[in-house]
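Chemist: What follows is a protein structure lacking sequence information:
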């Protein structure tokens with residue numbers, strides 16, 4: 001059953017499928033979504049650093065399949081944060097690419113920032129440089145079946161490989177899923193879910209304060 005689910009995930013990745021998730025939806029009000037995305041982006045700029053892992057749940061049908069087909073937290077994607085440039089490095093169906101932080105967050109229901117165990121800031125810089133060196137590398141569809149291709153990467157494989165040390169060796173695992181990564185680091189930020197009333201209220205209050213500050217300085 002799980003193999004069939006993973007097969008479906010890979011086929012949809014390769015087909016560039018972008019159907020909406022059946023289980024999680026963004027807020028119906030675009031303005032609220034923008035407020036929440038801005039709140040999260042500001043939080044990441046305050047709490048995140050180079051080399052941190054961003055573990056997320058996106059709004060795509062392929063994300064549903066990944067969550068159903070893998071164990072652990074309801075996570076569908078893993079990527080790496082570039083705090084210096086305000087970018088995210090990720091492996092998707094089209095290959096390894098970088099995406100602007102706000103655009104990345106806008107497509108997700110929540111984000112968990114995990115810092116690899118015992119990773120210093122300097123080691124984070126090194127891990128980020130390794131991930132960045134793979135920009136343009138093709139997606140590793142076979143790796144999702146445990147058939148590793150060293151010249152290709154899937155999402156969690158990329159960030160784990162870039163951050164790998166002897167203390168964080170996952171080579172005994174045939175497949176490294178986004179959920180697997182939780183055990184190799186510590187959570188330094190949890191966004192809450194996009195449709196959580198408390199998250200929406202925090203984002204709204206932040207916007208009101210920002211508008212008030214702008215008005216006061218005129």
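Modeler: Structure received. Here the structure is a predicted model, which means the values were calculated and not measured.
Chemist: drop to CA atoms for contacts and neighbour counts, all remaining ones
Modeler: Will do.
Chemist: quick one, helices of this protein?
Modeler: 2-15, 30-47, 61-69, 101-106, 121-132, 155-163, 197-217 (DSSP state H).
Chemist: Arrange these in JSON lines, one row each, with distance to residue 141 as further columns.
Modeler: Converted to JSON lines, the helices of the chain look like this (distance: least, C-alpha to C-alpha, whole Å):
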{"stretch": "helix 2-15", "distance to residue 141": "6"}
{"stretch": "helix 30-47", "distance to residue 141": "30"}
{"stretch": "helix 61-69", "distance to residue 141": "13"}
{"stretch": "helix 101-106", "distance to residue 141": "22"}
{"stretch": "helix 121-132", "distance to residue 141": "18"}
{"stretch": "helix 155-163", "distance to residue 141": "10"}
{"stretch": "helix 197-217", "distance to residue 141": "35"}
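Chemist: Would you tell me which one of these is buried the most?
Modeler: Mean neighbour count, computed with mean count of other C-alpha atoms under 10 Å, is highest for helix 155-163 among those, reaching a mean of 25.
Chemist: which other helices and strands contact that one?
Modeler: Secondary-structure packing of helix 155-163 (3 or more C-alpha pairs under 8 Å, 6 or more residues apart in numbering; DSSP states H and E): strand 77-82, strand 87-92, helix 121-132.
Chemist: gap between it and the chain center?
Modeler: The chain centroid and the centroid of helix 155-163 are separated by 12 Å, computed with C-alpha atoms, centre = their mean, to the nearest Å.
Chemist: ok and that helix relative to strand 87-92, angle-wise?
Modeler: Here helix 155-163 runs at an angle of 130 degrees relative to strand 87-92 (axes from the mean of the first three to the mean of the last three C-alpha atoms, to 10 degrees).
Chemist: As a markdown table, the helices of the chain with mean pLDDT and distance to residue 182 would be great.
Modeler: Shown next, in a markdown table, are these (pLDDT from 0 to 100; distance: least, C-alpha to C-alpha, whole Å):
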| stretch | mean pLDDT | distance to residue 182 |
| --- | --- | --- |
| helix 2-15 | 47 | 20 |
| helix 30-47 | 96 | 18 |
| helix 61-69 | 88 | 14 |
| helix 101-106 | 98 | 19 |
| helix 121-132 | 97 | 17 |
| helix 155-163 | 94 | 11 |
| helix 197-217 | 81 | 23 |
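Chemist: ok, back up a step: turn the helices and strands packed on helix 155-163 into TSV, including distance to residue 152.
Modeler: Shown next, in TSV, are the helices and strands packed on helix 155-163 (distance: least, C-alpha to C-alpha, whole Å):
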stretch	distance to residue 152
strand 77-82	15
strand 87-92	9
helix 121-132	12
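Chemist: can you tell which of the ones you listed is closest to residue 31?
Modeler: Closest approach to residue 31 among the helices and strands packed on helix 155-163 (C-alpha to C-alpha): strand 87-92, 22.7 Å.
Chemist: Please tell me how far residue 144 sits from residue 134.
Modeler: 18 Å (C-alpha to C-alpha, to the nearest Å).
Chemist: right, I mislabeled it, should have said residue 207
Modeler: Residue 207 sits 37 Å away from residue 134, going by C-alpha to C-alpha.
Chemist: One more: residue 82?
Modeler: Between residue 82 and residue 134 the computed distance is 14 Å (C-alpha to C-alpha).
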